[in-house]
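**Q** Sequence first, then the predicted structure:
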Amino acid sequence: MLRKILVTVALAALAMLGLATPALAHDVLLSTDPVKDASMETGPAKITLTFNAPVQGGDLNQIAVTGPNGTQWAEGSVSIDGNMVSAPVRPLGPAGVYTVGYRILSADGHPVQGQYTFTLTKAGNGTPAAAGGAAGGPTGAASSSGSGGVPVWVWVVGAVVLLAIGLTVALRMGRGRTP
């Protein structure tokens with residue numbers, strides 16, 4: 001009987017390991033243009049974000065540039081070239097801190113979002129985008145990281161339940177065959 005229990009446990013463990021897929025990590029922001037916390041006299045013509053893995057296409061990918069007054073400065077659609085995501089920016093206006101918020105669809109299929117800032121030291125003569133700015137993109141208040149998907153504890157509970165079911169079946173099958 002102990003042998004049957006050990007065989008059942010070994011088969012359940014092999015099944016869990018054999019069906020497990022490799023962990024997929026979310027994309028990580030490697031570099032930005034303009035550089036995070038940079039000070040500049042003239043605003044950039046576009047924002048470019050470089051990630052460690054290719055970014056998936058889709059409407060989820062967004063970049064917003066929020067000015068010191070809460071106005072939006074990104075204009076136009078986001079373009080993706082492998083692991084680089086960019087968006088055009090209107091000529092900037094008032095001097096001050098600008099926040100770049102982004103949300104992209106990671107290579108593993110989960111959204112990743114964050115933000116960083118740069119400072120315009122000399123006021124420009126640009127005007128902000130109309131209300132709604134960057135196609136409803138993320139605001140300067142975007143969180144520094146985000147993820148979706150199933151929490152790890154769900155997988156652990158599922159594995160324990162499967163193991164318990166296998167053990168119960170093995171014990172019941174062993175009782176019926178005793179001479």
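**A** Thanks, I have it.
**Q** Against Thr127, how distant is Arg90?
**A** Counting by Cβ to Cβ, to the nearest Å, the gap from Arg90 to Thr127 is 7 Å. From N, CA and C alone the C-beta is placed, and that goes for glycine too.
**Q** Check Gly57 too.
**A** Applying Cβ to Cβ to Gly57 and Thr127 gives a distance of 30 Å.
**Q** Next up, the contacts around the closest residue to Gly76 other than its chain neighbours.
**A** Closest residue to Gly76 in three dimensions, ignoring its sequence neighbours and counting by Cβ to Cβ, 6 or more residues apart in numbering: Pro88, at 4.3 Å. In this structure, Pro88 makes contact with 45-46, 74-76, judged by Cβ atoms under 8 Å, 6 or more residues apart in numbering.
**Q** Can you tell me which of those residues is nearest Asn52?
**A** Asn52 lies nearest to Lys46 out of these, by Cβ to Cβ, at 20.7 Å.
**Q** Can you name the residues that contact that closest one?
**A** Contacts of Lys46 (Cβ under 8 Å, 6+ apart): 86-89.
**Q** re the thing from before, more crowded one of Arg90 and Thr127?
**A** Each of Arg90 and Thr127 has its neighbours counted (other Cβ atoms under 10 Å); Arg90 has more, 21 against 12.
**Q** Quick one: the helices in the chain, in order.
**A** 2-19, 152-175 (DSSP state H).
**Q** Switch those helices over to a markdown table; also include mean pLDDT.
**A** Below are the helices of the chain laid out as a markdown table (pLDDT from 0 to 100):
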| stretch | mean pLDDT |
| --- | --- |
| helix 2-19 | 69 |
| helix 152-175 | 82 |
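**Q** Nice, that's everything, thank you.
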